[in-house]
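Trainee: Return a 3D structure for these sequence lines:
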Amino acid sequence: MFIINLSYKVPLDTVDQHLHDHVSYLNENYAAGNFLASGRKEPRTGGIILAKANSLKELETIIAKDPFHQHELADYEITEFVASRAGDGLESLINK
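Mentor: Residues are numbered from 1 along each chain as shown. Got it, this is the predicted structure:
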């Protein structure tokens, strides 16, 4: 499992110009089972995506299709982790 930490590199008005396409990208990856949760940071300096992928390389291929990445609007920090515990209703996240 991976945590993707996006940090905007451009003003919010530039980010907002590509927001619709970014949301479509998110929806496609939720439908494909790649993304588990996502949302903006507060204050709005970027966002967080919780993702599942078979490898870092696979995830990097997925990220390369993000309009925010394609237009160089954000930096991406990726942290891989193995979930060993989860709260009620999130047991499917645990790596067995």
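Trainee: before we move on, what SS does residue 59 have?
Mentor: helix (DSSP: H, G, I helix; E, B strand; the rest coil).
Trainee: Tally up the residues packed near it, please.
Mentor: A count of nearby residues for residue 59, using other C-beta atoms under 10 Å, gives 21. (Each C-beta comes from the backbone N, C-alpha and C, glycine too.)
Trainee: And the pLDDT at residue 75?
Mentor: Residue 75 is assigned a predicted lDDT (pLDDT) of 98.
Trainee: what about it, neighbour count?
Mentor: By the criterion of other C-beta under 10 Å, residue 75 has 13 neighbours.
Trainee: What distance do you get for residue 95 to residue 42?
Mentor: Distance of residue 95 to residue 42, computed by C-beta to C-beta, to the nearest Å: 29 Å.
Trainee: of the two, who's got more company?
Mentor: Using other C-beta under 10 Å, the more surrounded residue of residue 95 and residue 42 is residue 95, with 9 against 6.
Trainee: What is the three-state secondary structure of the closest residue to that one other than its chain neighbours?
Mentor: The shortest distance from residue 95 to any non-neighbouring residue, by C-beta to C-beta, 6 or more residues apart in numbering, is to residue 82 (4.6 Å). Three-state assignment for residue 82 (three-state DSSP): coil.
Trainee: let's have the chain start at 504 instead
Mentor: Fine by me, first position is 504 from now on; the one you just mentioned is residue 585.
Trainee: wouldn't residue 585 be in contact with residue 555 here?
Mentor: No. Residue 585 lies out of contact with residue 555 (C-beta atoms under 8 Å); the separation is 11.8 Å.
Trainee: Okay, buried residues for whichever strand or helix holds residue 527 please.
Mentor: Element membership of residue 527, judged by DSSP states H and E, is helix 522-534. For helix 522-534, burial by neighbour count (16 or more other C-beta atoms under 10 Å) applies to 525, 528, 529, 532.
Trainee: Include pLDDT and distance to residue 591 when you put those residues into TSV, please.
Mentor: Formatted as TSV, the buried residues of helix 522-534 follow (pLDDT from 0 to 100; distance: C-beta to C-beta, whole Å):
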residue	pLDDT	distance to residue 591
525	98	31
528	98	30
529	98	25
532	98	25
